[in-house]
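I would like the atomic coordinates for the input below:
(one chain, ligands or ions: 2)
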Amino acid sequence: MNDFFKLISPTDFVALFADFAPLADEIVPLGAARGRVVAKPLTSNEALPPFSRSTMDGYAVRAADTFGCSESETALLTVIGEIAMGASGQAFSLRPGQAVRIWTGGELPLKADAVVMVEYTQPFDEQTVAVFRPVAPGENIIRAGEDYAPGSIVLEPGSRLRPQDLGVLSGLGITSVPVYRQPRVAILSTGDELVPAEQTPPPGKIRDINSTSLAALVEEAGGRPLLHGICSDDFDRMLAVCTEALAEADVLLLSGGSSVGQRDFTKRVFAAMPDSELLVHGVSVRPGKPTILARQGNKALFGLPGHVASALVIFTCFVRPLLRQYSGLGATLGLRTIRAITAEQIPSTIGREDYVRVRLTAREEGQSPLATPVYGKSGLLSPLVRADGLLPIGRDVEGLDRGVECPVLLFP
Ligand SMILES: Nc1nc2c(c(=O)[nH]1)N[C@H]1C(S)=C(S)[C@@H](COP(=O)(O)OP(=O)(O)OC[C@H]3O[C@@H](n4cnc5c(N)ncnc54)[C@H](O)[C@@H]3O)O[C@H]1N2
Ligand code: MOO
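Ligands and ions are numbered 1, 2, ... in the order given. From the prediction side, this is the model:
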């Protein structure tokens with residue numbers, strides 16, 4: 001009996017990733033840090049903003065001087081000067097009854113606690129401005145340190161850097177960041193029927209699809225794909241190519257090249273690699289049952305099913321969480337999930353977790369979208385192209401009725 005049938009559950013599969021350590025950290029400049037994952041706490045050494053600033057064009061005032069003023073009873077304030085943009089406001093200190101002309105973003109003068117918008121003022125004479133709407137203390141200003149106080153933690157380890165995060169770091173003068181190294185993922189397609197996508201396949205051959213879709217999936221998940229092309233179904237050749245590819249990588253993805261009996265072939269290649277250990281040979285999911293996982297120290301080797309849709313689903317459910325584990329994000333799917341309603345009855349077989357490809361149709365506002373299954377053999381990609389996400393149906397569930405609520409994992 002071939003040991004395809006020693007199936008591991010998807011949960012047990014993902015649990016294995018806890019034994020893979022996140023990769024070491026490295027320092028990268030801010031310009032190259034988008035999407036990278038922070039490896040150490042980032043703390044502000046200074047206040048942001050560094051000084052109290054006006055958020056409007058107008059007059060910096062002592063708010064109390066404007067209390068009770070109105071259109072019929074204006075407050076008359078003496079204008080003692082103007083703070084040019086980029087000049088320090090500390091050149092002025094307001095005494096009661098005084099104001100200073102200020103622009104959006106300018107540093108407040110000493111003793112000022114609010115800004116009156118220019119629209120609510122009128123010049124009275126050369127040195128006096130009439131204010132006809134009162135302001136409260138703190139109005140129209142951002143206080144020093146209101147964004148971040150000195151010593152506060154700005155980003156915790158495990159944060160994936162988004163544009164707004166990078167903006168804050170640059171505001172604080174943190175121009176390089178410690179981040180986890182990106183996992184390097186060697187991608188190898190195998191099968192004597194495959195030719196590179198640039199070539200016109202002769203009869204009996206097809207173009208390599210998996211290399212391209214897997215490389216894009218790796219990039220999207222924050223890894224760095226290393227393409228190794230196509231390898232023929234030859235044990236010695238494959239052992240040499242896999243060994244060489246893994247030497248430069250953290251993960252090896254080997255897709256196809258081995259139906260049933262020949263699956264042992266991938267297993268034998270992985271087993272023959274120095275210091276390797278076989279962890280999984282078959283997982284109870286559909287599509288993608290004939291999946292192999294081996295490790296070599298902290299490196300992982302995946303034997304992915306050759307069928308194009310199966311390879312994609314297995315990447316999403318298993319390779320992606322491992323890449324996240326290496327990147328410091330934890331072994332999670334990292335996909336957005338939404339609640340949807342099944343548009344029709346969806347059958348499923350007991351014993352295997354089904355990942356049904358579904359298309360979502362919006363309904364009226366406030367209502368969950370409808371999930372319609374897009375059926376198709378796992379050798380076809382068009383169902384995945386038409387689908388918006390995957391609807392997991394548990395191992396012990398026989399199927400879903402029409403009209404039931406279900407979670408849908410959205411494709412990234
Ligand atoms: N008698 C049985 N046959 C098969 C079984 C089974 O249990 N008994 N399992 C089926 C299932 S399920 C899957 S999934 C596949 C597993 O396929 P392999 O991983 O062994 O890979 P291949 O046989 O090489 O490929 C299958 C299919 O995919 C095409 N392929 C492979 N690589 C690529 C690529 N890079 N780009 C495009 N297409 C690729 C290949 O030409 C085959 O058509 O086995 C079933 N068979
Ligand atoms: O398990 Mo296969 O991956 O159904 O096509």
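
now the helices for this structure?
Taking DSSP state H to define them, one finds helices in the chain at 10-15, 163-171, 210-220, 235-247, 260-272, 308-314, 320-326, 382-386.

for Gln122, find the nearest of those.
Of all the helices of the chain, it is helix 163-171 that lies closest to Gln122, at 36.0 Å by Cβ to Cβ. Where C-beta positions appear, they are placed from N, C-alpha and C, glycine not excepted.

quick one on the thing from earlier: now the helices of the chain as CSV including mean neighbour count, mean pLDDT and distance to Thr349?
Below are these laid out as CSV (neighbours: other Cβ atoms under 10 Å; pLDDT from 0 to 100; distance: least, Cβ to Cβ, whole Å):
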stretch, mean neighbour count, mean pLDDT, distance to Thr349
helix 10-15, 16, 97, 15
helix 163-171, 14, 97, 44
helix 210-220, 20, 98, 25
helix 235-247, 17, 95, 33
helix 260-272, 18, 79, 19
helix 308-314, 25, 95, 16
helix 320-326, 24, 98, 24
helix 382-386, 14, 95, 18
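
which among the ones you listed is found nearest to ligand 2?
Smallest distance to ligand 2 across the helices of the chain (Cβ to the nearest ligand atom): 3.0 Å, for helix 308-314.

which neighbouring elements make contact with the closest one?
helix 210-220, strand 299-304, helix 382-386 (3 or more Cβ pairs under 8 Å, 6 or more residues apart in numbering; DSSP states H and E).

switch the helices of the chain over to TSV; also include distance to Thr361.
Formatted as TSV, the helices of the chain follow (distance: least, Cβ to Cβ, whole Å):
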stretch	distance to Thr361
helix 10-15	27
helix 163-171	31
helix 210-220	25
helix 235-247	42
helix 260-272	38
helix 308-314	21
helix 320-326	26
helix 382-386	12
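
redo those helices as JSON lines? Include distance to ligand 2.
Shown next, in JSON lines, are those (distance: least, Cβ to the nearest ligand atom, whole Å):
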{"stretch": "helix 10-15", "distance to ligand 2": "13"}
{"stretch": "helix 163-171", "distance to ligand 2": "38"}
{"stretch": "helix 210-220", "distance to ligand 2": "12"}
{"stretch": "helix 235-247", "distance to ligand 2": "20"}
{"stretch": "helix 260-272", "distance to ligand 2": "11"}
{"stretch": "helix 308-314", "distance to ligand 2": "3"}
{"stretch": "helix 320-326", "distance to ligand 2": "17"}
{"stretch": "helix 382-386", "distance to ligand 2": "12"}
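
which one of those lies closest to ligand 1?
Of all the helices of the chain, helix 210-220 sits nearest to ligand 1, with 3.3 Å by Cβ to the nearest ligand atom.

and the angle from the closest one to strand 299-304?
140 degrees (axes from the mean of the first three to the mean of the last three Cα atoms, to 10 degrees).

give me the packing partners of helix 210-220, helices and strands only.
Under the contact criterion of 3+ Cβ pairs under 8 Å, 6+ apart, helix 210-220 touches strand 184-190, strand 224-231, strand 251-255, helix 308-314.

comparing these, which comes out most buried?
Across those, averaging neighbours per residue (mean count of other Cβ atoms under 10 Å) puts strand 251-255 on top, at a mean of 27.

check which helices and strands that strand sits against.
Packing partners of strand 251-255 (3+ Cβ pairs under 8 Å, 6+ apart): strand 184-190, helix 210-220, helix 235-247, strand 299-304, helix 320-326.

now with 7 Å?
Contact here means 3 or more Cβ pairs under 7 Å, 6 or more residues apart in numbering; DSSP states H and E; on that basis strand 251-255 packs against strand 184-190, helix 210-220, helix 235-247, strand 299-304.

dump the C-alpha coordinates for it into PDB.
Taking Å, rounded to 0.1, in the frame of the first residue of the first chain, the C-alpha atoms of strand 251-255 are listed here in PDB:
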ATOM      1  CA  VAL A 251      12.200  26.800   1.600                       C
ATOM      2  CA  LEU A 252      12.000  24.500  -1.400                       C
ATOM      3  CA  LEU A 253       8.800  24.100  -3.400                       C
ATOM      4  CA  LEU A 254       8.900  21.200  -5.700                       C
ATOM      5  CA  SER A 255       5.700  20.800  -7.700                       C
END
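
so is that strand next to ligand 2?
No: taking Cβ under 6 Å from any ligand atom as the criterion, strand 251-255 and ligand 2 are apart, separated by no less than 11.0 Å.

that strand close to ligand 1?
Yes: using Cβ under 6 Å from any ligand atom, strand 251-255 comes into contact with ligand 1 via Ser255.

what's the neighbour count on the nearest residue to Ile174 once chain neighbours are set aside?
Spatial nearest neighbour of Ile174, excluding adjacent residues (Cβ to Cβ, 6 or more residues apart in numbering): Leu42 at 6.4 Å. Leu42 is flanked by 20 other residues according to other Cβ atoms under 10 Å.
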